[in-house]
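>>> Need coordinates for the below:
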Amino acid sequence: MATPYNILLEDEDRTLWQGAANVAGYKELAPWMRMACNKEARLTAERQGREDSHHTVTTHLISNLLLCSFRHALGRMTYVTGECADWLTQWWHIMPRQWQEQIHDDIRQAIEHNAAGHACDVEQWKRVLALPIKDAAA
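Presented below is the predicted three-dimensional model:
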């Protein structure tokens, strides 16, 4: 079994979370997100000629993974809708403002065109619509 990486989740100016990849905060990420983080950690260490197991996972990477999972989940009629809404709620604060706006617009359009899934799925997406958009100055 591979040694878990030490993960430092940060944005441009502050640390958001830090710890070993096998602790609770890291385990809250979806399994495929953990795999992506571990792969990115390994590839970055190789590019930098390091053999250690330390890596910084940027908010940009997490935001990209969230946006991709959202785009996959919107319109699906499966458990992934609720899971994705949970992930977006948990990590919303790191998403760029423009992406927050795009996600809200996509959800509104899907609901308007009856393409957001079943009623239970729409309720999950409404939770995301309730999340505030960052201030333009933020």
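>>> Can you name the next helix or strand after the helix or strand in which Gln102 is found?
Element membership for Gln102, per DSSP states H and E: helix 97-112. Toward the C-terminus, helix 97-112 is succeeded by helix 119-129 as the next helix or strand (DSSP H and E).
>>> Any buried residues in that next one, and which?
Of all the residues in helix 119-129, those buried under the rule 16 or more other CB atoms under 10 Å are 121-122, 124-125, 128. Using the backbone N, CA and C atoms, a C-beta is placed for each residue, glycine as well.
>>> for stretch 93-108, same thing?
Buried-residue list, stretch 93-108, by 16+ other CB under 10 Å: 94-95, 99-100, 103-104, 106-107.
>>> Same check on stretch 66-81?
By 16+ other CB under 10 Å, the buried positions in stretch 66-81 come out as 66-67, 69-70, 73-75, 80-81.
>>> quick one: the strands in the protein?
Ranges of strands in the chain, per DSSP state E, are 6-10, 15-20, 54-58.
>>> ok, of those strands, where does mean pLDDT dip lowest?
Across the strands of the chain, the stretch with the lowest average pLDDT is strand 15-20; it has a mean of 47.
>>> Pull the contacting residues for Gln98.
For Gln98, the contact set (CB atoms under 8 Å, 6 or more residues apart in numbering) is empty.
>>> scratch that, Phe70 is what I was asking about
Phe70 neighbours (CB under 8 Å, 6+ apart): 84, 88, 103, 106.
>>> between those residues, which is nearest Gly117?
The shortest approach to Gly117 among the contacts of Phe70 belongs to Cys84, at 11.0 Å (CB to CB).
>>> gap between the residue lying closest to that closest one once chain neighbours are set aside and Gln90?
Once flanking residues are discounted, Cys84 sits nearest to Ala73: 3.9 Å by CB to CB, 6 or more residues apart in numbering. Between Ala73 and Gln90 the distance, using CB to CB, to the nearest Å, works out to 15 Å.
>>> what's the answer for Glu123, then?
Plainly put, Glu123 is 18 Å away from Gln90 if you go by CB to CB.
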